[in-house]
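Colleague: Provided below are the primary sequence and the corresponding predicted coordinates.
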4 protein chains.
Amino acid sequence: MAEIPKLRVGFLGLGIMGEAMARNLLKSGLFASVMVWNRTMAKCAPLVAEGAQCAETPAAVVDSCDVTFAMLADPSAALEAVFGDNGVLAAIAPGKGYVDMSTVDEATSTKIGEAIATKGGKFLEGPVSGSKKPAIDGQLIIMAAGDKELYDLVQSAFNVMGKKSFYLGTTGAAARMKLVVNMVMGSMMGAFCEGMALADKAGLEQSALLEILGLGAMANPMFALKGPAIMSRNYPPAFPLKHQQKDLRLALALGDALNQPLPVAAAANEAFKNAKAKGHADEDFAAVYEATQQK
Amino acid sequence: MAEIPKLRVGFLGLGIMGEAMARNLLKSGLFASVMVWNRTMAKCAPLVAEGAQCAETPAAVVDSCDVTFAMLADPSAALEAVFGDNGVLAAIAPGKGYVDMSTVDEATSTKIGEAIATKGGKFLEGPVSGSKKPAIDGQLIIMAAGDKELYDLVQSAFNVMGKKSFYLGTTGAAARMKLVVNMVMGSMMGAFCEGMALADKAGLEQSALLEILGLGAMANPMFALKGPAIMSRNYPPAFPLKHQQKDLRLALALGDALNQPLPVAAAANEAFKNAKAKGHADEDFAAVYEATQQK
Amino acid sequence: MAEIPKLRVGFLGLGIMGEAMARNLLKSGLFASVMVWNRTMAKCAPLVAEGAQCAETPAAVVDSCDVTFAMLADPSAALEAVFGDNGVLAAIAPGKGYVDMSTVDEATSTKIGEAIATKGGKFLEGPVSGSKKPAIDGQLIIMAAGDKELYDLVQSAFNVMGKKSFYLGTTGAAARMKLVVNMVMGSMMGAFCEGMALADKAGLEQSALLEILGLGAMANPMFALKGPAIMSRNYPPAFPLKHQQKDLRLALALGDALNQPLPVAAAANEAFKNAKAKGHADEDFAAVYEATQQK
Amino acid sequence: MAEIPKLRVGFLGLGIMGEAMARNLLKSGLFASVMVWNRTMAKCAPLVAEGAQCAETPAAVVDSCDVTFAMLADPSAALEAVFGDNGVLAAIAPGKGYVDMSTVDEATSTKIGEAIATKGGKFLEGPVSGSKKPAIDGQLIIMAAGDKELYDLVQSAFNVMGKKSFYLGTTGAAARMKLVVNMVMGSMMGAFCEGMALADKAGLEQSALLEILGLGAMANPMFALKGPAIMSRNYPPAFPLKHQQKDLRLALALGDALNQPLPVAAAANEAFKNAKAKGHADEDFAAVYEATQQK
């Protein structure tokens, strides 16, 4: 039986996340070649040293690869990589796939998907849950939506970058899922900070509350990780508060469009806005505690 | 060296929780004797068959034991057992201890503690986190407050009934901690139900949301357990919704007394009130979903 | 036809409100006599100079009068005047009426009403809406509940103290109505302060917003009166913020007991709590603006 | 002294509001001519019978007039009248003014203003407060922003259409002011409905609550007008609920952009969303009561 030919894969965007993800593709040995691109080319050097190829433009990567993945900083970077000079759109063609794993809003994702489709390419949005460490460990959770054939084709790649991937439907579904997940996260953090603040006011040790929560049905890694940050009132940014607030805002807008009341999320959103107004926008989202406690 | 004499322990209240807890005391073999009492005496039979003694009144138990534990249905039952005819107060005396593990409000706990102290007895409040299964498995989380010497004395008993106990301070502290914990729980459930409802409105599979939440930093046993109940819209009561709403109300009152704003909990409380008004008071507290989703 | 004999009326409590109300009874010339009492007797002097009689105890007033009115500072003063030594209860008897116009909670009102009834007296609760100026001008709004015959009997007195009185039902109904009215007031003030704060942030003149609101369907005396206080960030207490917050709390508790969700009032209550926590408890309730605006 | 020449004025959009406003311009006799346009020309007939001129396109009106006013249904109609074929933009020129009194968002208003300015014309946004009756009576409240010279020039026209006009600053300020005003309105209506619902649950007559509110510091035309609608549970649309909810949403978005927490408005918005979800989108905004009361 003829062997299935290995895919040639590309990767655009070598930030903290992207570099780790591209390295996992490279190390897996599952692909015919791994070609990378970054806006500042110097970032390509380590991966080239490990066996990757490097290209000067997104179009050059797409031109040489069967499937190109991207992990870019924000919607404007994601749009630039596709629609800019020598962007993805200049090279995408029938038989080629593009998988954008950046966190972007549904409108951005849809715009990219439609442009790719117009050129005959296949498109998948694939935002992830998880940050630096899971990216390095290949333990991301991948929420994918768009072209189902492309989803099936890139299973091997998703398997080395993540511990689990989900196919959620047509383009936009993954962006919406990410909003729902982050809305629950924001409300949970708001609830947690109120508990921590009330414990303190009620003369209870916050460390005891953390231990008790950690032993019961609500036990979760987020409380365990963020509790000590709150106790020390020190919030080095893993997920900046302003991004959490933006996601709450977008989730509320989604609920608004769909006639879904979300009073708990709305109250949490006001707490995050309060924290932003107090100057904590760039700290970790656990800094919403600073808007919750009094003095 | 002389051996420490084994304690004679008593247990008042053999409901679902109490029977399991008393049985664990009995099975441990750590105590000189285990004497039980229940308002309807028939409930004592199984434990007597396993080696427990049985008494006709709370006073008779206290009279024969060094330390008496209680697990009663509600504040009025807790008060009746202490202040009623042939109640704990009739027999408590210097050298004897009383540990009330019922879930009661701070005022009830304080009233009992003061009465016990007037007679020279020692008092500890010890509400638990966890329901039937952890009670059977000896895996409860015990929040204790009151007499520290008594707390130290009953460590062996707490160890067979629970997986961990906390000494939180003077009487009332454990009641307050329980409120804080249950307030966080109510807000988290409110947040979770909003996520489930928004997912559904947004054309996303609720089962996919559950899986994704279960793989990330928010993963917790409560979402895993209650998610399927929500998906089936069927809520057999483990923790009745009206009790969750009552705890939110009391936690908000505590915040009010302490000048602690709690806007997320306040919004969640309104959702639970809404669910009560829609007829879900006696279902499981996950039924707050019925007030969140629209049709 | 025989003339209806004029009533002998008494008045307990000569604070800012009470003195003005008693003076209106006196000046009306409608009553056979007006006898007053105050905890510190010196306060009686001005009214005595104008023709009132003065007594040393509440019992002495009730003993000499057909109907005794009271306007006392708070529930504890209201209870003391009735149940204390030489209180109302010592002299109330069949054929005598007691009208408590103090602002008290339903439980206090009910307790007083039941005690009066036990002695054969008639009772009416009659809390008022309006403060110093309406009291002086005889323009209070009187919410009455309790004995309907007594209500009819004291119409002439209500007419000189107020511009309108309402009979609302059995004892307790007036206390509840007052809570509903003050809940709407607290939420409206919260809404108004958010508008003022948003106008300021949006580069709009707050004075223009005030004028515009004053010309449309929302125009009301409260916005007109409190707007300038908010603009000057200066809140001399007419209705102390802590009392407004207490009324919101009690209204929410009433809603809780009656399964009535009140999410807007709950959000407003949190804003008032926030203002209390920031040190504005004793300022006017318009100071909730200080919790709403950001710097 | 030479007389100031009378202005030739135009009017685009003859809906319920626009027809009444154009008629007031015509009846005033203050203008050299009044030329009207409507998308369906038949609507022009009554005004032509009263002395107005009629044109077939917005451009034709602008071409013949010194200042053209517009009162169009929504942002898309406002944009079409300006940017469409034979629109305002085709004829606007130095020396001519355009005053858009439609209720549109800030972005729409800004877009129109910039296009007018590019052609050398002057622009003013002038949304109004008040509906059919004030429009007929010339008693609208006009919130204007944009070109100050144009504002001064059209004072005579504003005086016949409204009882008061405000100049609020550069283009966009009036759109923002309208949002602030409508946000306060939505929160007030939410607060009012909670009071009405709680009164009912507490066994109090809603009519008594209305009377009491109508006599005190909160008395306002809106409560007086909408109270009976709520009591009859019948909501013929004066201001459709979906528009109130949209304005709350936009005001919250404005607060979000400006870091202004608005928890009361956020809670009210959720109530309006709830009412929309229950099918009351097209009824009057007082129908938010249907989301507030239970059963």
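Modeller: Noted; the coordinates are in hand.
Colleague: in the stretch 1-150 of chain A, which spans are strands?
Modeller: A:8-12, A:33-37, A:53-54, A:67-70, A:97-100, A:122-125, A:128-129, A:140-146 (DSSP state E, counting those that start in this stretch).
Colleague: kindly reformat the ones you listed as JSON lines containing mean neighbour count.
Modeller: Any C-beta I mention is one placed from the backbone N, CA and C, and that applies to glycine too. Below are these laid out as JSON lines (neighbours: other C-beta atoms under 10 Å in any protein chain shown):
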{"stretch": "strand A:8-12", "mean neighbour count": "27"}
{"stretch": "strand A:33-37", "mean neighbour count": "24"}
{"stretch": "strand A:53-54", "mean neighbour count": "18"}
{"stretch": "strand A:67-70", "mean neighbour count": "26"}
{"stretch": "strand A:97-100", "mean neighbour count": "28"}
{"stretch": "strand A:122-125", "mean neighbour count": "27"}
{"stretch": "strand A:128-129", "mean neighbour count": "24"}
{"stretch": "strand A:140-146", "mean neighbour count": "27"}
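Colleague: ok, now which ones touch the residue in the stretch 1-150 of chain A positioned nearest to chain D?
Modeller: In the stretch 1-150 of chain A, the residue found nearest to chain D is A:Asp105; the distance is 14.7 Å by C-beta to the nearest C-beta. For A:Asp105, the contact set (C-beta atoms under 8 Å, 6 or more residues apart in numbering or on different chains) comprises A:75, A:175, A:250.
Colleague: so where is chain A shaky, pLDDT-wise?
Modeller: For chain A, the stretches flagged by pLDDT under 70 are A:1-3, A:295.
Colleague: beta partners of A:Leu12?
Modeller: A:Trp37, A:Ala70 (DSSP bridges).
Colleague: residues in contact with the closest residue to A:Ile136 other than its chain neighbours?
Modeller: Using C-beta to C-beta, 6 or more residues apart in numbering or on different chains and skipping the chain neighbours, the partner closest in space to A:Ile136 is A:Ala20 (4.5 Å). Going by C-beta under 8 Å, 6+ apart, A:Ala20 touches A:132, A:135-136.
Colleague: which of these has the most neighbours?
Modeller: A:Ala135 (23 neighbours; other C-beta atoms under 10 Å in any protein chain shown).
Colleague: wait, doesn't A:Gly97 sit right on A:Ala117?
Modeller: No: counting by C-beta atoms under 8 Å, A:Gly97 sits too far from A:Ala117 to count as a contact (11.4 Å).
Colleague: overlap in contacts, the two.
Modeller: Residues touching both A:Gly97 and A:Ala117 by C-beta under 8 Å, 6+ apart: A:Phe123.
Colleague: I'd like the strands of the stretch 1-150 of chain A written out as TSV, with distance to B:Pro127 added.
Modeller: Converted to TSV, the strands of the stretch 1-150 of chain A look like this (distance: least, C-beta to C-beta, whole Å):
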stretch	distance to B:Pro127
strand A:8-12	54
strand A:33-37	57
strand A:53-54	63
strand A:67-70	52
strand A:97-100	51
strand A:122-125	48
strand A:128-129	36
strand A:140-146	37
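Colleague: ignoring the adjacent residues along the chain, who's closest to the residue most central in space within chain A?
Modeller: Geometric centre of chain A, nearest residue: A:Val128, 4.0 Å, by C-alpha atoms, centre = their mean. The shortest distance from A:Val128 to any non-neighbouring residue, by C-beta to C-beta, 6+ apart, is to A:Leu140 (4.3 Å).
Colleague: show me which positions of the longest helix seen in chain A end up buried.
Modeller: Secondary structure of chain A read by DSSP state H shows that its longest helix is helix A:173-201. Of all the residues in helix A:173-201, those buried under the rule 16 or more other C-beta atoms under 10 Å in any protein chain shown are A:173-201.
Colleague: thinking again about what came up before, now flag whichever of the contacts of A:Asp105 is closest to chain B.
Modeller: Of these, the one sitting nearest to chain B (C-beta to the nearest C-beta) turns out to be A:Ala175, at 9.9 Å.
Colleague: count the neighbours of the closest residue to the closest one other than its chain neighbours for me.
Modeller: Spatially, and ignoring its direct neighbours in sequence, A:Ala175 is nearest to A:Glu106 (4.1 Å; C-beta to C-beta, 6+ apart). Counted by other C-beta under 10 Å, the residues lying close to A:Glu106 total 20.
Colleague: contact residues of the stretch 101-250 of chain A facing chain C?
Modeller: Neighbours of chain C within the stretch 101-250 of chain A, by C-beta under 8 Å from any C-beta of the partner chain: none found.
Colleague: show me where the stretch 101-250 of chain A has its helices.
Modeller: A:106-118, A:132-137, A:148-153, A:155-161, A:173-201, A:206-215, A:221-231, A:241-257 (DSSP state H, counting those that start in this stretch).
Colleague: please name whichever of those helices is nearest to D:Gly13.
Modeller: When those are compared by C-beta to C-beta, helix A:241-257 sits nearest D:Gly13, at 28.1 Å.
Colleague: so which elements touch that closest one?
Modeller: Applying 3 or more C-beta pairs under 8 Å, 6 or more residues apart in numbering or on different chains; DSSP states H and E, one finds that helix A:241-257 makes contact with helix A:173-201, helix A:263-277, helix B:173-201, helix D:241-257.
Colleague: with adjacent residues omitted, what lies nearest to the residue of the stretch 101-250 of chain A found nearest chain C?
Modeller: Chain C sits closest to A:Lys201 of the stretch 101-250 of chain A, with a gap of 9.3 Å, by C-beta to the nearest C-beta. Closest residue to A:Lys201 apart from its sequence neighbours, by C-beta to C-beta, 6+ apart: B:Leu258 at 4.2 Å.
Colleague: how much space between that neighbour and B:Leu168?
Modeller: 16 Å (C-beta to C-beta, to the nearest Å).
Colleague: so the two - more neighbours on which side?
Modeller: B:Leu168 (26 against 18).
Colleague: I'd say that one and A:Gly203 touch.
Modeller: No: B:Leu168 sits out of contact with A:Gly203 when judged by C-beta under 8 Å, with a separation of 9.1 Å.
Colleague: returning to that earlier point: quick check, the residue nearest to the centre of chain A in contact with A:Ala144.
Modeller: No: in this structure, A:Val128 is not within contact of A:Ala144 by C-beta under 8 Å, at 9.6 Å.
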